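Novice: Give me the fold of what follows.
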Amino acid sequence: MIFQDLNLITPILQALEKEGYTNPTPIQEQAIPSILLDKDILGCAQTGTGKTAAFAIPILQKLHKNKDYSKHAVLKALILTPTRELAIQIDESFASYGQFLGLHHTVIFGGVKQGNQVNRLNKGIDILIATPGRLLDLMSQGIISLRNIEYFVLDEADRMLDMGFINDVKKVIKELPVVRQNLLFSATMPNEIVGLANNILKNPVRVEVTPVSSTVEMIQQTICMVDQKNKADLLLYFLKNKDISNVLVFTRTKHGADKVVKMLAKSNIKAAAIHGNKSQIARQNALNDFKSNKIKVLVATDIAARGIDIDGLSHVINYEIPNISETYVHRIGRTGRAGASGIAISFCSQDEKPYLKDIEKVIQKKIPVNDTHPYILVPTAEEINQEILKNLPVKPANKPANKTATKKKKWYAKR
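Specialist: The predicted model follows:
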């Protein structure tokens, strides 16, 4: 199938052609026609499979067809997303797909002064991409009204749950018109999100193109068992590989991310960190430097797991394995996007083995172990003993004595 088969208008087809897109991904192929038919959507697909285009393209088309361009723009579409990085990425997607339409859109998020965002809102917009905190703040100031919203998108719904945004989401929903089209998209679908979806969506079309919490087959995954103290040396070992053109490294903590950047700097490797303690300008500059190949390594906490979309990202390295299983799916999904291949390497120390076990249960596959690197974790004595016991031949159990036969023998003996 090609995009022309989806009954899209010419300006959007021109934009897609200019961006180099010809064939829709499975979720786009299934979601776009249903959205154009005014259906609510519950979309579940792996990260990196084109969920943003799946809702952005039909929303742009419907807004364009119903818009009176002679009047001041009125906010009709709201996209709610958990992180600043992801909000910016979605705004860029609307700019790309709608570049020949003349619709107005903007993005708002916290961590920066509101002045420029308010000025843009006052000029009139058709589409708003927002993080929950800043949206509720500007609503409380009377700067934003949701009374004319016709299209509501909740993107990365499971991440909203993880980051504690569910109450904020419910506050936003209370301010929306009763009659509207709802589109809920997520890479994973835990029971709590299914419950939330049931309260938001009306007779939704469920689009599930891949198993829940599955990983993209084009991503080559490996585990490196390594002692915690040797992780820095192992990272340097991999970075010497000329095949690694750029790499996104994940840590669990902000302090850990900064520590890795300092360690790399001592080895003359250009790197930058993005996490919650960095200003929005610093985070955006780091991301831009990474995209333009000014730095080879970007070190991030999980705040960036959903918000980074980098063409041709070759490698993801989990310097620390995530303690939330579903997060692993989102981390490695930064590579292998849009049908491309990618490599995901995870460093696993002794205390992280339970996390690895949980991840393999969620993704329903065993991740191959790389036992050729120079910093292999030596198994503990207990693990060696368990392995030996596991491989010992099992002795046949003694058959229970036949009590009747025993009694007969004793009786004959007495005779």
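
Novice: any weak-confidence spans in the stretch 251-400 of the chain?
Specialist: 303-309, 336-340, 380, 383-384, 386-387, 390-400 (pLDDT under 70).

Novice: ranges for the strands of it?
Specialist: Using DSSP state E, counting those that start in this stretch, the strands found in the stretch 251-400 of the chain span residues 271-274, 297-300, 315-318, 342-348.

Novice: who wins for proximity to residue 367 among these?
Specialist: Closest approach to residue 367 among the strands of the stretch 251-400 of the chain (Cβ to Cβ): strand 342-348, 7.2 Å. In this view, the C-beta of every residue, glycine as well, is placed from N, C-alpha and C.

Novice: Partner strands of the closest one and their direction?
Specialist: Strand 342-348 has its sheet partners listed here by DSSP bridges as strand 219-225 (parallel), strand 315-318 (parallel).

Novice: quick one: average pLDDT of the first one?
Specialist: Confidence over strand 219-225, taken as the mean pLDDT, stands at 93.

Novice: can you list the strands of the stretch 251-400 of the chain in a markdown table and add mean neighbour count and distance to residue 96?
Specialist: Formatted as a markdown table, the strands of the stretch 251-400 of the chain follow (neighbours: other Cβ atoms under 10 Å; distance: least, Cβ to Cβ, whole Å):
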| stretch | mean neighbour count | distance to residue 96 |
| --- | --- | --- |
| strand 271-274 | 24 | 23 |
| strand 297-300 | 26 | 22 |
| strand 315-318 | 26 | 24 |
| strand 342-348 | 23 | 22 |
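
Novice: Among those, which comes closest to residue 43?
Specialist: strand 342-348 (22.4 Å).

Novice: picking up where we left off before, any chance of the strands paired with strand 342-348 in CSV with distance to residue 198 as columns?
Specialist: Shown next, in CSV, are the strands paired with strand 342-348 (distance: least, Cβ to Cβ, whole Å):
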stretch, distance to residue 198
strand 219-225, 32
strand 315-318, 33
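
Novice: Any idea which of those gets closest to residue 281?
Specialist: Proximity to residue 281, assessed across the strands paired with strand 342-348 by Cβ to Cβ, is greatest for strand 315-318 (25.0 Å).

Novice: ok, residues contacting the closest one?
Specialist: With Cβ atoms under 8 Å, 6 or more residues apart in numbering as the test, strand 315-318 has contacts from 235, 238, 244, 246-250, 328, 331-332, 334-335, 342-347.

Novice: Kindly state which of the strands paired with strand 342-348 is positioned closest to residue 179.
Specialist: The closest of the strands paired with strand 342-348 to residue 179 is strand 219-225. By Cβ to Cβ, the value is 41.3 Å.

Novice: Dump the C-alpha coordinates for the closest one into CSV.
Specialist: C-alpha atoms of strand 219-225 as CSV (Å, rounded to 0.1, in the frame of the first residue of the first chain):
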residue,chain,number,x,y,z
ILE,A,219,16.9,-4.5,16.6
GLN,A,220,19.8,-6.8,17.4
GLN,A,221,19.8,-7.2,21.2
THR,A,222,22.6,-8.5,23.4
ILE,A,223,23.4,-8.6,27.1
CYS,A,224,26.9,-8.1,28.5
MET,A,225,27.3,-9.5,32.0
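
Novice: So which bits of that strand are buried?
Specialist: For strand 219-225, a neighbour-count test (16 or more other Cβ atoms under 10 Å) marks 219, 221, 223-225 as buried.

Novice: Residue 173 against residue 196, yeah?
Specialist: No - counting by Cβ atoms under 8 Å, residue 173 stays clear of residue 196, with 9.4 Å between them.

Novice: quick one: which of the two has more around it?
Specialist: residue 196 (21 against 17; other Cβ atoms under 10 Å).

Novice: Break this structure into its domains for me.
Specialist: 3-208, 219-379 (automatic domain parsing).

Novice: could these go into CSV alongside distance to residue 388?
Specialist: Formatted as CSV, those follow (distance: least, Cβ to Cβ, whole Å):
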stretch, distance to residue 388
domain 3-208, 39
domain 219-379, 11
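
Novice: Tell me which of those domains lies nearest to residue 389.
Specialist: Among those, domain 219-379 comes nearest to residue 389, with 13.6 Å by Cβ to Cβ.

Novice: can you give me the end-to-end distance of that closest one?
Specialist: End-to-end distance for domain 219-379, by Cα to Cα, to the nearest Å: 28 Å.

Novice: And that domain, how far out from the chain middle?
Specialist: Averaged C-alpha coordinates place domain 219-379 at 14 Å from its chain's average position (Cα atoms, centre = their mean, to the nearest Å).

Novice: Would you agree residue 82 is in contact with residue 160?
Specialist: Yes - counting by Cβ under 8 Å, residue 82 touches residue 160, with 5.3 Å between them.

Novice: which residues are common contacts for those two?
Specialist: If you check residue 82 and residue 160 against Cβ under 8 Å, 6+ apart, the residues they both contact are residue 132.

Novice: These two: which has the busier surroundings?
Specialist: Shown here are residue 82 and residue 160; by other Cβ under 10 Å, residue 82 has more neighbours (26 against 22).

Novice: If you drop the residues flanking it in sequence, what lies closest to that one?
Specialist: Nearest residue to residue 82 in three dimensions, chain neighbours excluded: residue 159, at 4.5 Å (Cβ to Cβ, 6 or more residues apart in numbering).

Novice: what about that neighbour, how many residues close to it?
Specialist: By other Cβ under 10 Å, the residues close to residue 159 number 25.

Novice: ok, so what distance separates it from residue 188?
Specialist: Shown here: residue 159 relative to residue 188, a distance of 9 Å by Cβ to Cβ, to the nearest Å.

Novice: Ok, residue 178 next?
Specialist: For residue 178, the distance to residue 188 equals 29 Å [Cβ to Cβ].
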